[in-house]
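J.: okay, sequence plus prediction incoming.
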Protein chains: 2
Amino acid sequence: MMTRRDILAAAVAAAQGVRLRAQATGPRTVERWGVYDVNLSGPTGGNPFVDVRISAEFRHEHRTVEVDGFYDGNGSYKVRFSPDMVGEWSYTTRSNRQELAGHTGTFTCSAAASGNHGPVSVRDTSHFGFADGTPYAPFGTTCYAWTHQPPELQDETLRTLRTAPFNKMRMCIFPKWYEYNRDEPRLQPILDRPGFTRYNPEYWRNLEFRVLQLQALGIEADLILFHPYDHWGYALMGAEADERYLRYTVARMAAYRNVWWSVANEWDLVKGKIRAEWDRYFEILQEADPYSRLRSIHHSRVMYDHGRSWVTHASIQGDQFERTPEWRETWRKPVVFDECKYEGNIPKRWGDISAQEMARRFWLGTAYGGYVGHGETYLDPHDILWWSKGGVLKGQSPARIAFLRKIVEAAPLALSPLTNPYYPAVASAGEYYLYYTDYHQPAEFTLELPAGIQFAADIIDPWEMTITPAGTYSGKFTMKLPGRPYTAVRFRKTA
Amino acid sequence: MMTRRDILAAAVAAAQGVRLRAQATGPRTVERWGVYDVNLSGPTGGNPFVDVRISAEFRHEHRTVEVDGFYDGNGSYKVRFSPDMVGEWSYTTRSNRQELAGHTGTFTCSAAASGNHGPVSVRDTSHFGFADGTPYAPFGTTCYAWTHQPPELQDETLRTLRTAPFNKMRMCIFPKWYEYNRDEPRLQPILDRPGFTRYNPEYWRNLEFRVLQLQALGIEADLILFHPYDHWGYALMGAEADERYLRYTVARMAAYRNVWWSVANEWDLVKGKIRAEWDRYFEILQEADPYSRLRSIHHSRVMYDHGRSWVTHASIQGDQFERTPEWRETWRKPVVFDECKYEGNIPKRWGDISAQEMARRFWLGTAYGGYVGHGETYLDPHDILWWSKGGVLKGQSPARIAFLRKIVEAAPLALSPLTNPYYPAVASAGEYYLYYTDYHQPAEFTLELPAGIQFAADIIDPWEMTITPAGTYSGKFTMKLPGRPYTAVRFRKTA
């Protein structure tokens, strides 16, 4: 079995070694859901980012996948592909430049290595799962601008993530200009502004590297494509540059199996766009992304219509956890509270909730049938706040989130909220029930579970992180509770 | 100065001695806002409660007040009056029975004794005050059926109230049939059911006695006239019996200066009435009550329109404290959260919130410019739950409510919520500011107070009940906060 260190080393090697392998001749092998780059040399004159079109048709048995390539600078062109089926694949390139068109090749897709579960997609309507059948319950965190920080800080963020409980990271492609974030980024994704035609290969190679490092840690990269915290013009590039940017991003990044698309953070705070532009971004993603990676859009005050067909899951801001059952029914999609405020102590309402409140919110969101995301904003002498720049975690909620994650991962797949329960609860009928009392502290609890099935009960203290067996029950019964608020009660069918 | 024990003894004597004094001849004296009974003997045949009408016209200088009397059984008739002006008063009785009509008399209204501040009414649009100018901020509690319990338990409730922080009591006139309340009451207010024509003097004398005992403790009696927890037919007596009941209640009870009218508890849960009937109850109260005691109506899910002219203040159920500023603007009346759930541990969502949550709710309501009421529901081997039967208090929130009450009573009159503050806050502009951080834990706080005025700051810990001076500020400034949630910050203009 590979250790996390082995996986990380392999990921780094993969990111750095791709070009060498792609330039080699003869049959080569790529693992299922891995990345295969077709590398070509081509023109350097004019502006290749705009002038040159390159793509390839990948074929496997009766299937054909059309994939756009991208220019990586210095005359280097790539068509990046992630095969999803084991076996022989072949390809033929196309281009509006003769020297790039008509290249062919074959390669073998081998079985996924240990720890590679494939991409995450929606499963059982309101949940997620990996392509190999492994369940995936998002326990995300947020470091919006971590890849824009000095390399040492990026490395520190990754070290922190190794032992943190998070398996999803919300992160921006464009740099961020905001309170506690008034630094020019080390690397700009696009070099000519305005214009937005010349991409910066160095920026994108770092992004790929960091996404692969996240992948090695089992962390999904929820890439935020647009956001309002702008200082360089990215938020309002114009329709043509927007589309070029989206297609370039997809061509470079979509092949990484841990990539998700977040069309925007706080879309409704971006000034100067109309709603149809946001719809159009989704359409471009649908058209360009050969893998249909997960697509969402995050709001501040005005919610986007998550019922639109191109939205794969609802990315919510707020604390209306009690609406989750309704939203699940309305949209028939997973509901992810990507921002429910941040644990911290900055003088901002959105960044100063207590660790207890954050832990409570994770439990509430879970007990109503949703998923909740974390962020942290403690004052720092160097303004390195986790929520934006990464670094180290200072708070007390991550330990509790780790505890909850273990409980959720030990539960059956596809928990659903109970209809109108007395306290919020998710269940797998006849098998598993998880209640959370929130600020209630009942000394006893009358419940009706299916008769004829024995359920082992546990009293869970989410803050002290204890699980105490509390007897076996069936049918209608009253059980004693500790009379403490913020208590969870779990019932599991006995074998 | 009278001790509480002296006041209580005086109140008991007053309640018991009224008949003796009223039967005495010659000029007598009653204190301002006290109770003067005209006692008459009259017919006992038929049903005097229905057949006999008795009233009196009370005169003081150019003023005339028409007051309905009532039958007290055994041929005893009373016209009960509370004079609100010092000086000479005279009266003449009227009746449809000759032996009760045309009685005249005079008495002197003396200045109010120490501790008698008169009745409470609305002041400064969103607040309350006593008639003598003393401020009154309601810190209510709830013992719905306490006067229906055995006398020893009623006495115990009063002993508890002597040291409790409450100055208002929500209590039902009709007995209560509900969970934890399945006892027949000791005394019924009306003896013939259905019919509802023969009142039970013994019941009403006890009610008067208990209301006077509350008065001696400085507690307003928020008398609930109708409620849905019925077992005896009181909730649906019919329009005629309803009106007779309201007029009888007003005739007996309105003269007690600490009486408020709560037309209903959870009016929307009473089955079989239409909305116009509730309006009509208010109209009857307006017509019958010579003192215009405070009038409200409490809902469960469907709010009555508190904007109606006959509603003196909004009696709210719920925890939407953040709506208080809007409601104050809309209704231009005080907003009282008479039920925001109860501290306790019974297996009911409405009766199992923690002491911390109850304390938090009092602070939130206060900081948004409203008033909050208490109730307590801890399981008891004899089903004596404070919220209904009274008895003793077991919880931890009353101490914190006492602490908050002292802070509010030390504040200037007529605090108003700040418009869109960063954390909820009430203020008296240029003089006093009180912020509450709720679950936020900012380590610092940037604020702009009027320049040119020095404000002394205090950090308040509402749970630990500590007040810590934190320097003097003026204009725009940033101050350090302890970084704990549930913190209050107070600024007071220095002398």
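T.: Perfect, I can see it now. Residues are numbered from 1 along each chain as shown, chains lettered A, B, ... in the order given.
J.: centre of the chain to stretch A:375-388, how far?
T.: Here stretch A:375-388 shows a centroid-to-chain-centroid distance of 21 Å under the convention CA atoms, centre = their mean, to the nearest Å.
J.: what is the mean pLDDT for that stretch?
T.: Average pLDDT, stretch A:375-388: 98.
J.: any residue of it touching chain B?
T.: Yes. Stretch A:375-388 lies within reach of chain B by CB under 8 Å from any CB of the partner chain, at residue A:379. C-beta coordinates here come from the backbone N, C-alpha and C atoms, glycine included.
J.: buried residues in that stretch?
T.: Within stretch A:375-388, the residues scored as buried using 16 or more other CB atoms under 10 Å in any protein chain shown are A:375, A:376, A:377, A:378, A:379, A:380, A:384, A:385, A:386, A:387, A:388.
J.: got the contact list for it?
T.: A:141-146, A:153, A:176, A:178, A:180-181, A:339, A:341-346, A:348, A:351-352, A:389-395, A:397-398, B:443-444 (CB atoms under 8 Å, 6 or more residues apart in numbering or on different chains).
J.: what of stretch A:261-279?
T.: A:144, A:170, A:172, A:222-228, A:235-236, A:239, A:242, A:281-282, A:285, A:289, A:293-302, A:304, A:308, A:310, A:315, A:317, A:338.
J.: out of these, which end up buried?
T.: So, by 16+ other CB under 10 Å, the buried ones in the contacts of stretch A:261-279 are A:144, A:170, A:172, A:222-228, A:235, A:242, A:281-282, A:285, A:289, A:293-300, A:304, A:315, A:317, A:338.
J.: how about the residues of the stretch 201-350 of chain A near chain B?
T.: Within the stretch 201-350 of chain A, the residues that sit near chain B (CB under 8 Å from any CB) are A:344, A:345, A:346, A:347, A:348, A:349.
J.: hmm, which of those residues are the buried ones?
T.: If we count by 16+ other CB under 10 Å, these have these buried: A:344, A:345, A:346, A:347, A:348.
J.: please flag which of the residues you listed sit within strands.
T.: By the criterion of DSSP state E, membership of those in strands covers residue A:344.
J.: ok, now which ones touch the residue lying closest to residue A:476 once chain neighbours are set aside?
T.: Nearest residue to residue A:476, sequence neighbours excluded (CB to CB, 6 or more residues apart in numbering or on different chains): residue A:448, at 4.3 Å. Taking CB under 8 Å, 6+ apart, we find residue A:448 in contact with A:475, A:476, A:477.
J.: and which of those is nearest to residue A:407?
T.: residue A:477 (22.3 Å; CB to CB).
J.: that closest one should be in a strand, yeah?
T.: Yes. Counting by DSSP: H, G, I helix; E, B strand; the rest coil, residue A:477 is located in a strand.
J.: now do the contacts for it.
T.: By CB under 8 Å, 6+ apart, the residues touching residue A:477 are A:446, A:447, A:448, A:449.
J.: how does chain A divide into domains?
T.: What automatic domain parsing lists as the domains of chain A is A:4-110, A:120-409, A:419-493.
J.: does stretch A:407-426 reach chain B?
T.: Yes. Stretch A:407-426 reaches chain B (CB under 8 Å from any CB) through A:422, A:423.
J.: what's the offset of that stretch from the middle of its chain?
T.: Remark: stretch A:407-426 is offset 22 Å from the chain centroid, using CA atoms, centre = their mean.
J.: and for stretch A:88-101?
T.: 32 Å.
J.: that stretch: end-to-end distance?
T.: The first and last residues of stretch A:88-101 sit 22 Å apart, counting by CA to CA, to the nearest Å.
J.: any buried residues in that stretch, and which?
T.: Neighbour-count burial for stretch A:88-101 [16+ other CB under 10 Å]: A:89, A:91, A:93, A:94, A:95, A:100, A:101.
J.: now flag whichever of those residues is closest to chain B.
T.: The closest of the buried residues of stretch A:88-101 to chain B turns out to be residue A:89 (CB to the nearest CB; 53.6 Å).
J.: separation between the closest one and residue A:95?
T.: Noted for residue A:89: a distance of 20 Å to residue A:95, by CB to CB, to the nearest Å.
J.: do the same with residue A:461
T.: Residue A:461 is 62 Å from residue A:95, by CB to CB.
J.: likewise for residue A:396?
T.: For residue A:396, the distance to residue A:95 - CB to CB - is 55 Å.
J.: mind listing the helices for chain A?
T.: Taking DSSP state H, the helices of chain A run over residues A:4-23, A:48-51, A:151-163, A:201-216, A:239-253, A:275-288, A:324-331, A:355-367, A:386-389, A:397-409.
J.: distance of residue A:464 from chain B?
T.: Taking CB to the nearest CB, to the nearest Å as the measure, residue A:464 falls 16 Å from chain B.
J.: how many neighbours does that residue have?
T.: 12 (other CB atoms under 10 Å in any protein chain shown).
J.: pLDDT value on it, please?
T.: Residue A:464 is given a pLDDT of 98.
J.: low-confidence stretches in chain A?
T.: Where chain A drops to pLDDT under 70, the residues are A:1-27.
J.: one more time with 90
T.: For chain A, the stretches with pLDDT under 90 are A:1-28, A:413-414, A:419-421, A:495.
J.: isn't residue A:258 right up against residue A:219?
T.: Yes. Counting by CB atoms under 8 Å, residue A:258 does reach residue A:219; the two are 6.8 Å apart.
J.: neighbour count for these two, which is higher?
T.: Using other CB under 10 Å, the more surrounded residue of residue A:258 and residue A:219 is residue A:258, with 25 against 22.
J.: can you lay out the helices of chain A as TSV showing distance to residue A:57?
T.: Converted to TSV, the helices of chain A look like this (distance: least, CB to CB, whole Å):
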stretch	distance to residue A:57
helix A:4-23	17
helix A:48-51	21
helix A:151-163	36
helix A:201-216	23
helix A:239-253	15
helix A:275-288	15
helix A:324-331	35
helix A:355-367	43
helix A:386-389	41
helix A:397-409	40
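J.: deepest of these, which one?
T.: helix A:386-389 (a mean of 26; mean count of other CB atoms under 10 Å in any protein chain shown).
J.: gap between residue A:252 and chain B?
T.: 40 Å.
J.: try residue A:330
T.: Taking CB to the nearest CB, one finds residue A:330 at 22 Å from chain B.
J.: ok, that residue - contacts?
T.: residue A:307.
J.: and residue A:433, by the same measure?
T.: A:418, A:425, A:426, A:427, A:449, A:455, A:489, A:490, A:491.
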